[in-house]
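**Student:** Got a predicted model here, sequence first, then my questions.
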Amino acid sequence: MDAWSDAGEASARSRKGERRVAGAFITGDIAAMRSFVGGACVLLVALQLGAQQPAGAARVAQSRDTTGADSVRAQQLGRIVVSGARLAPSADPRLPRSVQRIGLPPVSRERTTTEILAKLPGVSTSNDQGTRAQPSFDVRGFTLSPVVGAPQGVSVFLDGVRVNEPDAQEVNFDLLPMDAVASAELLSGPSSVFGKNSLAGALLLRTARGTAEPELHGELGVGSFGEREGHVRASGMLGGTDGLLLVSASGDDGYQQRSGARTRQAFANLGRRSDASDIGLSLLVARDRLYEAGSLPESWLAVARRANYTGGDFFHPRLTQLSAHGSWQVNGVALRSTAFVRRNAIEQLNVNAGNPDTHAFVTNGSAGATAELSASTTLAGRPLALSVGAEATRARVSYLVNTEPNAESPTLPPDCAPAPDGASALCEDARVNSDDAGLYAQSILQMTPRLAATLSARGDYSRVPFRDLRDPANDGTSVFTRLSPELGITYTVARLRAYASAGSGFRAPAALELACASPEAACPLPFSLGDDPPLRPVVAWSFESGGEWSSGTGTTLALSLFDTEVHDEIVFASTSGVSGYFTNVPRTRRRGMETRFSLLLPATSRLFGSWTLVDATYRSAITLASALDENVVVPGDHFALSPRHRGTLGLTTTQMIGGAALEATFSARGASSAWLRGDEANTQPPLPGYVVADLSTAFQLGRFTLSGSVQNVFDRKYEIYGVYAENSKGAYGSVAPATPTIERFLTPAYPRTVRIGLGF
């Protein structure tokens, strides 16, 4: 297991001049990657020309919009797909990208978003909050996180509604109704049609609908560290109207002290479907309270692994989201649309060591709509699926940040307005009413029975006005525009699908990033805001090639190679454990290889696994603020908290015992070492790698299901996050030193945890 760690004894600085990665693909430059993709395109075309059907071969007949198996048949020119680019019920298999359709188990032993994402190829986890409800993910070297201040690189959609919060584009996974989600897909790589933040990909979640057969399902579960969970889901149809209602609640005490979580959710949808139309309305209400233990000084871990460095931090979001969707088909033309109103009021308390506490109230309000028109036509006698769409969102974000004295810092900042009782001071009162709009188009031309070409483009407009209600001199407005194209081809023969693509992604700076971009005035978390030096938008160019093969009987193989060149990447530079600022890095790069397989075995068993190599590096020299004395980054230095190797391996089996079904899965997941945040220069020892094993079982008899799971079966002790910061408290249980020391702060991963659930 220690083989996952590549820390070594040699210093990282001595390796700066010799950055070797196995394989010419990783060591080649961008020109080599472009040549690789171009060569793949030529190869696919050549293969196709050799397999052309003779004149008079079957042509594609126009037909209604379809997905799933019909989409596969469409590639054989038996019919054409009216393929939606943004709001379709599933991703078109002719898209030139890796599409991972995420399996959702019928019981909640692996039902949370975090448990599902953690096992996907190309994904690794970290956690600086110390609560399992708020992990962060590294997806192909980009961040997907609920943490304010982590620059985001993945878009997440729930029934077509973007759930990245307007203030910092973060995603609160604990607010997503996963027990109502029927299907999920991760589209990897920059995607022009999905808009901002889709640099590493887009995660699409679609909820279930009521069916003619009434359904009532519930589950109760208990587990280690005070975990308890329960939900009830009812669905059905009445008079042509379908409906679904989900009510769920969960709680746990957490592993570290004062790190418990409590979640409450209610989700409902109503819809009406006919042969030519489908309309629906959904409502999501969520109320959570999460206590955040954060990371610990490394010197504390050996004596107090479950300690809380600054007990009392909490995160309290209150979400209400109302959305409507509709689709209509007339004469082979499909119109899809969605509209939403969303409000998430967040209260957050940060208890700080050596600094006053911050008590923030952030309200994210947004409303918007998307409309998409898809049609089947022909171009030069070839079938063409064409989609055009537009979306617009208006967001209103309000920031109210108070400072509160504590025993270590009884004095309030002089630039804040003290309350009459002197117990707190108002340090920030700001508003951001932003506007985002986009126009996009996507075409899929069936050039031959096996070869399809995809061309898409999107134009984005983003306006972010910052208004400081305490000091209007800080007011400022930023406007960003961008055209993002994408071109690719897909070749399908028998059960093999190969693809190659080149495209661009775009991310406008979030409101919080624009307001906290001054190194001379680093922002205390959750941030003191102002009209700081302007940030440039992030632009990513990606080149990808790969293939997928299926035996048709359960065995699948997939391989993808990717190279993403990023200009003006926005990163967070932390000057201490409680403050920092955002800045642009001129050039960064992610290169890698992603593989996955599933092998059907005798006796209804299946072996599955994945391995991903991600080389996420800086390509420009830059000095980033850090608690360390020196953090001078040079080209070739690796991103913090982004392991180069990630892998999974598992075996699942299903057996019939009398009239009951037993399903069991044993799997291992691991990641190699990763550099700590604050050590972007790669000069200090990295965070060691790890491998942990998980076991899950489900025993179903009739309508009852008894499930169980064990996470970290062998009780492996490891750390899941690391940052350099000042330890103002000194050794555990001792008197605070006069001069704080710089130390590694680490978040301990959960030890062995057991959960038992009863479904009915």
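**Tutor:** Perfect, I can see it now. Just so it is clear, the structure is predicted and the values come from calculations on it, not from any experiment. Numbers count the residues shown, from 1 in each chain.
**Student:** give me phi/psi at the nearest residue to residue 252 once chain neighbours are set aside?
**Tutor:** Residue nearest to residue 252 in three dimensions, not counting chain neighbours: residue 227, with 4.2 Å by Cβ to Cβ, 6 or more residues apart in numbering. C-beta: built from backbone N, CA, C; applies to glycine. Note on residue 227: its backbone torsions stand at phi -70, psi 140 [degrees, to the nearest 10].
**Student:** can you pull the contacts of residue 227?
**Tutor:** Contacts for residue 227 (Cβ atoms under 8 Å, 6 or more residues apart in numbering) come out as 221, 250-253, 753, 755.
**Student:** Also residue 722?
**Tutor:** 295, 641, 674, 676-677, 687, 744-747.
**Student:** now those residues in CSV, with secondary structure, distance to residue 158 and pLDDT?
**Tutor:** Formatted as CSV, the contacts of residue 722 follow (DSSP: H, G, I helix; E, B strand; the rest coil; distance: Cβ to Cβ, whole Å; pLDDT from 0 to 100):
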residue, secondary structure, distance to residue 158, pLDDT
295, coil, 30, 94
641, coil, 26, 94
674, strand, 30, 97
676, coil, 33, 95
677, strand, 29, 91
687, strand, 32, 97
744, strand, 37, 95
745, strand, 33, 95
746, strand, 33, 96
747, strand, 28, 96
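**Student:** and those residues as a markdown table, adding distance to residue 236 and neighbour count?
**Tutor:** Below are those laid out as a markdown table (distance: Cβ to Cβ, whole Å; neighbours: other Cβ atoms under 10 Å):
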| residue | distance to residue 236 | neighbour count |
| --- | --- | --- |
| 295 | 47 | 26 |
| 641 | 45 | 24 |
| 674 | 48 | 25 |
| 676 | 52 | 23 |
| 677 | 49 | 26 |
| 687 | 50 | 28 |
| 744 | 55 | 23 |
| 745 | 51 | 27 |
| 746 | 49 | 22 |
| 747 | 44 | 24 |
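**Student:** of those residues, closest to residue 709?
**Tutor:** Top of the list for closeness to residue 709, among the contacts of residue 722 and by Cβ to Cβ, is residue 747 at 22.0 Å.
**Student:** which residues does the closest one bridge with?
**Tutor:** Beta-bridge partners recorded for residue 747 (DSSP bridges): residue 721.
**Student:** With the one 10 residues further on instead?
**Tutor:** Listed beta-bridge partners, residue 757: residue 221, residue 707 (assigned using DSSP bridges).
**Student:** Tell me how far it lies from residue 698.
**Tutor:** Residue 757 is 9 Å from residue 698, where distance means Cβ to Cβ, to the nearest Å.
**Student:** and what of residue 461?
**Tutor:** Residue 461 is 48 Å from residue 698, by Cβ to Cβ.
**Student:** Between those two, point out the one with more neighbours.
**Tutor:** Here residue 461 and residue 698 are set side by side on neighbour count (other Cβ atoms under 10 Å), and the busier one is residue 698, at 21 against 15.
**Student:** Residue 119: neighbour count?
**Tutor:** 18.
**Student:** so who does the residue nearest to it when sequence neighbours are not counted touch?
**Tutor:** Counting by Cβ to Cβ, 6+ apart, residue 648 is the residue found nearest to residue 119 once chain neighbours are left out, at 5.6 Å. By Cβ under 8 Å, 6+ apart, residue 648 lies in contact with 119, 121, 608-610, 667-670.
**Student:** Strands - which of the residues you listed land there?
**Tutor:** Those of those mapping onto strands are 608-610, 667-670, per DSSP state E.
**Student:** Could you provide the residues you listed in TSV, with additional columns for neighbour count, pLDDT and distance to residue 93?
**Tutor:** Shown next, in TSV, are the ones in strands among the contacts of residue 648 (neighbours: other Cβ atoms under 10 Å; pLDDT from 0 to 100; distance: Cβ to Cβ, whole Å):
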residue	neighbour count	pLDDT	distance to residue 93
608	19	95	20
609	17	95	23
610	22	95	20
667	19	95	27
668	17	95	30
669	20	94	28
670	23	95	31
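**Student:** can you give me the strands for the stretch 501-650 of the chain?
**Tutor:** For the stretch 501-650 of the chain, applying DSSP state E, counting those that start in this stretch gives strands covering 523-524, 538-550, 556-576, 579-601, 605-618, 622-623, 632-633, 645-657.
**Student:** I'd like to know which elements the fifth one is packed against.
**Tutor:** I take that to be strand 605-618. Using 3 or more Cβ pairs under 8 Å, 6 or more residues apart in numbering; DSSP states H and E as the contact test, the elements touching strand 605-618 are strand 579-601, strand 645-657.
**Student:** ok, so what distance separates the spatially most central residue of the chain from residue 156?
**Tutor:** Centroid-nearest residue in the chain, with Cα atoms, centre = their mean: residue 144, separated by 3.7 Å. Distance from residue 144 to residue 156, counting by Cβ to Cβ: 7 Å.
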